[in-house]
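>>> predicted model and sequence below, questions to follow.
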Amino acid sequence: MKTSENYIKFVYYIWSKFYDSFIDKPFEFNRNKVIKKLNIKKGNKILEIGVGTGLNIPYYPKNCFVIGIDISKSMLEKAKNKKSKCKIQLKIENAEKTSYQNNSFDKVIATYVIRVTPNIKKVLNEISRVIKNNEIFVIVDEFKTNNKILNLLDYIKVFLGWGRDYKIEELIKNTPWKIIFNKKLKAPLNTRLVILKNIK
């Protein structure tokens with residue numbers, strides 16, 4: 001069962017009304033520590049895909065420029081209200097095909113986004129195109145386990161617009177990405193922090 005872009009927009013239009021106060025709470029993680037994993041340098045240009053309501057925005061350091069993209073206009077409206085220390089630009093864009101030139105970004109991040117994307121391979125290849133060679137893509141998401149009962153929850157998650165679980169090793173096959181970090185986080189189910197390196 002796959003979700004279409006229109007269905008995701010519809011679901012997240014609804015979720016945007018109470019995402020920060022209700023939906024995000026069960027999936028909380030240490031956003032400050034995750035942002036630090038980007039190892040942001042002065043002047044770095046960061047792309048956040050699926051920026052949503054902007055929950056990561058307050059944690060970016062002041063010495064960088066962040067572009068946050070999302071397909072949900074209602075989510076981005078919420079993100080505009082988040083306080084930031086750095087320069088932020090928010091845009092409606094689909095991560096499967098962005099408007100940016102090759103090698104435009106120094107780092108990329110996505111939190112609870114990969115699982116929702118209808119065409120993940122397209123996203124991985126597109127992110128590889130717009131990020132510089134040997135740079136990193138930081139991901140926080142739920143990934144598939146060997147627990148059959150938990151895996152059955154995929155059908156409910158897809159219906160709710162929360163996507164489905166995948167194995168990161170399968171996702172990066174035949175892509176330019178290499179796993180350099182993979183660790184379980186103190187968050188529900190099999191939420192992991194995964195760092196990929198772009199090897200074009």
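Perfect, I can see it now. Given the structure is predicted, the values throughout are model-derived calculations rather than measurements. Numbering: from 1, shown residues only.
>>> phi, psi of the closest residue to Tyr60 other than its chain neighbours?
Distance criterion CB to CB, 6 or more residues apart in numbering; nearest residue to Tyr60, sequence neighbours excluded, is Cys86 at 4.8 Å. No exception for glycine: its C-beta is placed from N, CA and C like everyone else's. The phi and psi values for Cys86, taken as degrees, to the nearest 10, are phi -120, psi 180.
>>> right, and Cys86 touches Val66 too?
Yes. Here Cys86 reaches Val66: they are 5.9 Å apart, a contact under CB atoms under 8 Å.
>>> joint contacts of those two?
Tyr60 (CB atoms under 8 Å, 6 or more residues apart in numbering).
>>> ok, which stretches of this structure are strands?
45-49, 65-70, 87-92, 105-111, 131-142, 177-184, 191-198 (DSSP state E).
>>> what angle separates the fourth one from strand 45-49?
In other words, strand 105-111. For strand 105-111 against strand 45-49, the angle by axes from the mean of the first three to the mean of the last three CA atoms, to 10 degrees is 30 degrees.
>>> and the contacts of strand 105-111?
Against strand 105-111 from outside (CB under 8 Å, 6+ apart): 29, 31, 34-35, 38-41, 44-50, 55-56, 67, 95, 127, 130-132, 135-141.
>>> give the contact list for Lys186.
Contacts of Lys186 (CB under 8 Å, 6+ apart): 29-30.
>>> how far away is the spatially most central residue of the chain from Lys42?
The centre of the chain sits closest to Ala110, judged by CA atoms, centre = their mean, with a distance of 1.9 Å. Computed as CB to CB, to the nearest Å, the Ala110 to Lys42 distance reads 23 Å.
>>> I'd say Lys80 and Ser74 touch.
No. Between Lys80 and Ser74 there is no contact, the gap being 11.2 Å when judged by CB under 8 Å.
>>> more neighbours, these two?
Ser74 (16 against 11; other CB atoms under 10 Å).
>>> and the pLDDT for Phe29?
Phe29 carries a pLDDT value of 88.
>>> from Lys186, how far out is it?
Distance, Phe29 to Lys186, by CB to CB: 7 Å.
>>> sorry, back to before: nearest to Val123, out of the strands of the chain?
Smallest distance to Val123 across these (CB to CB): 7.2 Å, for strand 45-49.
>>> which ones are touching Leu47?
66-67, 69, 100, 104-105, 107-109, 127, 130-131.
>>> next: Ile69.
Neighbour list for Ile69: 47-51, 90-95, 98 [criterion: CB under 8 Å, 6+ apart].
>>> please convert the residues you listed to CSV, extending it with distance to Lys173 and pLDDT.
Listed next are the contacts of Ile69 as CSV, based on distance: CB to CB, whole Å; pLDDT from 0 to 100:
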residue, distance to Lys173, pLDDT
Leu47, 23, 98
Glu48, 25, 98
Ile49, 20, 98
Gly50, 22, 94
Val51, 27, 96
Leu90, 32, 98
Lys91, 30, 98
Ile92, 30, 96
Glu93, 26, 96
Asn94, 23, 94
Ala95, 19, 95
Thr98, 22, 97
